[in-house]
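A.B. asks: Dropping the sequence and predicted coords here.
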Amino acid sequence: MSISAPPSRTATRLFELITASWVAAAVSAFAELGVADAMTSDPLPVDVIATRVGADAEALHRLLRACADLDLVEELPGRHFALAELGHALRDDAADSMRGYARWVGSQAERSTMAHLARAVRTGRSVFEEVHGRTAWSYMNEHPETAAVFDRGMTDISAQLTRGVADGYDFGAHRTLVDVGGGLGGLLSIVLSANPGLRGVLFDRPEVVAHAGPVLEKVRERCRVVGGDFLSSVPEGGDAYLLSNVIHNWDDHDAARILSHCREAMTADGRVLLAEVVMPDSPGPARTAKFMDLSMLAHCDGKQRTRTQFADLLHRAGLRLTRVLPCHGTSIVEAVRA
């Protein structure tokens, strides 16, 4: 009697990598449906959860039992489920919420773009315009519902990636901080709260900053909100210009253009501060930077840059790199006038 060989370890590992998109899809569906907000740490029958989120009970049971293997929920006898600690971060009201980012990654705009990554690698150019008929930024302007999901997702991921920035850099040494492309103002609010002598300016697209009020409520007496286009200009008079995960969205030409506007607008003693996930100059593990870099390639011709690449880019904008400060995953790239 022959004994069949065990599954190939290589094939098994590749299966896990190949089907990782299924896992991401399940997490995104969990977030899109608002399952975490409908649950508690106490067990609930799947029928009750389904009613609360407006889903088919049998289909939701299939989703939740899969999510139990991802530690988002705990599966209990009798088709009952309880929200697990990891799943709690997919609640809207969680301090470390990632629901917005999970919804964005599961969106049609994001998934259909990354499905064409191979073409982006072949051509060296983003595929978003080819897939959707317009650039990513034009698409957002024409699809406000998608833009809202994107903005919330970027707020979530920025809050996590830049969590150490407020403590890792001495913002208190400055007078006025201009947050360029600052979204809804989450990071600016944290920085201003930690530095009571600092004033701030939140600058982003008018349709974005229009919704920043609740986020900036605690610091509104020291914060001005300005809408505009940083490809054309930025508010003048700041002695610190913060761009958090902004420059990686742009190719070298447009990135240098944005940085040049900051140089022209800042005071003589000003600083440009880039909060970015910096790519290592030499080979080594850097999973977040490397896969974020592929996303930038596919979506917008942007990139995650090394220290050397940042120095070259800043030089093109009339700036000089002074230091790079690691801040728990994200780094502060600091520059002054050359």
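C.D. replies: Perfect, thanks for sending it.

A.B. asks: tell me the domain ranges of this protein?
C.D. replies: The record's domain split for the chain, according to automatic domain parsing, is 9-101, 161-281+299-337.

A.B. asks: Report the distance from the last one to the chain centre.
C.D. replies: The one in question is domain 161-281+299-337. In terms of CA atoms, centre = their mean, to the nearest Å, the centre of domain 161-281+299-337 is found 15 Å from the chain centre.

A.B. asks: Can you tell me the element Arg122 falls in?
C.D. replies: When elements are assigned from DSSP states H and E, Arg122 belongs to helix 117-123.

A.B. asks: I'd like the domains of the chain as CSV, with mean neighbour count appended.
C.D. replies: (C-beta placed from N, C-alpha, C; glycine too.) Below are these laid out as CSV (neighbours: other CB atoms under 10 Å):
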stretch, mean neighbour count
domain 9-101, 16
domain 161-281+299-337, 19
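
A.B. asks: right, so of the ones you listed, which gets closest to Ser138?
C.D. replies: domain 161-281+299-337 (11.3 Å; CB to CB).

A.B. asks: what's the span of the closest one, first residue to last?
C.D. replies: Across its full length, domain 161-281+299-337 reaches 27 Å between end residues, using CA to CA, to the nearest Å.

A.B. asks: what does stretch 320-337 give?
C.D. replies: 6 Å.

A.B. asks: sorry, back to before: how about residues contacting the helix holding Arg122?
C.D. replies: Ser126, Val127, Glu130, Leu294, Leu297, Ala298 (CB atoms under 8 Å, 6 or more residues apart in numbering).

A.B. asks: Could you point out which of the residues you listed is nearest to Gln160?
C.D. replies: Proximity of the contacts of helix 117-123 to Gln160 (CB to CB) peaks at Leu294, which lies at 19.2 Å.

A.B. asks: Excluding covalently adjacent residues, which one is nearest to the closest one?
C.D. replies: Excluding its sequence neighbours, the residue lying closest to Leu294 (CB to CB, 6 or more residues apart in numbering) is Leu117, at 6.3 Å.

A.B. asks: Ser138 versus that neighbour, what's the distance?
C.D. replies: Using CB to CB, to the nearest Å, Leu117 is found at 21 Å from Ser138.

A.B. asks: For Gly106, give me its contacts.
C.D. replies: Counted by CB under 8 Å, 6+ apart, Gly106 has contacts Ala24, Ala25, Val27, Ser28, Ala29, Ala31, Glu32.
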